[in-house]
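Trainee: Here is my input, please return the structure:
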Amino acid sequence: MHVPGKIIRFLQFGLMAAAAGAAQPEGLHLTLEFAGRPLRLNAEIAATPAERAAGLMHRRELAAGQGMLFIYPRPEILRVWMKNMHIPLDVLFLDGSGRIAGLMPNLPPCRAEPCAIYTFEQPAQYMLEVNSGYIATHRLRIGDRIILPPMR
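Mentor: You can find the predicted model right below:
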């Protein structure tokens with residue numbers, strides 16, 4: 001599978017950030033900052049198709065201040081499926097510059113088949129999953145920006 005150079009550099013940054021930080025769950029991580037706010041979030045990276053498909057499934061908890069950043073090679077219509085989830089989530093959809101293009105708060109775990117599929121109808125390049133209530137607690141809005149590491 002070919003991974004575009006900017007994603008490889010993003011992942012290298014994540015590896016360096018993980019190596020320099022405290023013990024975290026398995027996988028690549030980085031610390032995200034919100035532009036103009038003293039708000040930081042430790043994000044696990046899901047960059048491959050297999051990592052994106054697994055996401056946060058089967059996890060019993062997600063610590064406060066933690067999330068998962070899904071990275072796509074190019075902007076596309078993104079979907080969220082809450083199958084095999086045990087925790088409700090807030091989902092942020094980001095454009096290529098890290099600007100919030102869409103918000104889906106309080107998505108519940110799927111309890112019965114068929115599971116709902118939540119679709120964000122605009123192309124987005126990143127998706128950030130965090131604990132339910134994060135969007136409201138931090139008063140996040142469309143247009144807010146998350147500072148992503150340089151990706152040339």
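Trainee: Tell me where this protein has strands.
Mentor: Taking DSSP state E, the strands of the chain run over residues 29-34, 40-46, 66-81, 89-94, 100-107, 117-131, 146-147.
Trainee: Neighbours of A64, how many?
Mentor: 11 (other Cβ atoms under 10 Å). All C-beta spots, glycine's among them, are computed from the backbone N, C-alpha and C.
Trainee: Can you tell me how far it is from Q125?
Mentor: 26 Å (Cβ to Cβ, to the nearest Å).
Trainee: Repeat that for E113.
Mentor: E113 is 30 Å from Q125, by Cβ to Cβ.
Trainee: who's more crowded, those two?
Mentor: The neighbour comparison of E113 against Q125 (other Cβ under 10 Å) goes to Q125, with 21 against 6.
Trainee: Now do the contacts for that one.
Mentor: Under the criterion of Cβ atoms under 8 Å, 6 or more residues apart in numbering, the contact partners of Q125 comprise 71-72, 74-76, 94-96.
Trainee: Touching, G133 and N106? I think so.
Mentor: Yes - in this structure G133 lies within contact range of N106 using Cβ atoms under 8 Å: 7.4 Å.
Trainee: what is in contact with the two at once?
Mentor: Counting by Cβ under 8 Å, 6+ apart, the contacts common to G133 and N106 are D90.
Trainee: coming back round to it: could you dump the contacts of Q125 to JSON lines with neighbour count, distance to H58 and pLDDT?
Mentor: Converted to JSON lines, the contacts of Q125 look like this (neighbours: other Cβ atoms under 10 Å; distance: Cβ to Cβ, whole Å; pLDDT from 0 to 100):
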{"residue": "I71", "neighbour count": "24", "distance to H58": "21", "pLDDT": "95"}
{"residue": "Y72", "neighbour count": "18", "distance to H58": "22", "pLDDT": "96"}
{"residue": "R74", "neighbour count": "8", "distance to H58": "29", "pLDDT": "96"}
{"residue": "P75", "neighbour count": "16", "distance to H58": "29", "pLDDT": "97"}
{"residue": "E76", "neighbour count": "12", "distance to H58": "25", "pLDDT": "97"}
{"residue": "L94", "neighbour count": "25", "distance to H58": "25", "pLDDT": "97"}
{"residue": "D95", "neighbour count": "16", "distance to H58": "30", "pLDDT": "96"}
{"residue": "G96", "neighbour count": "16", "distance to H58": "30", "pLDDT": "93"}
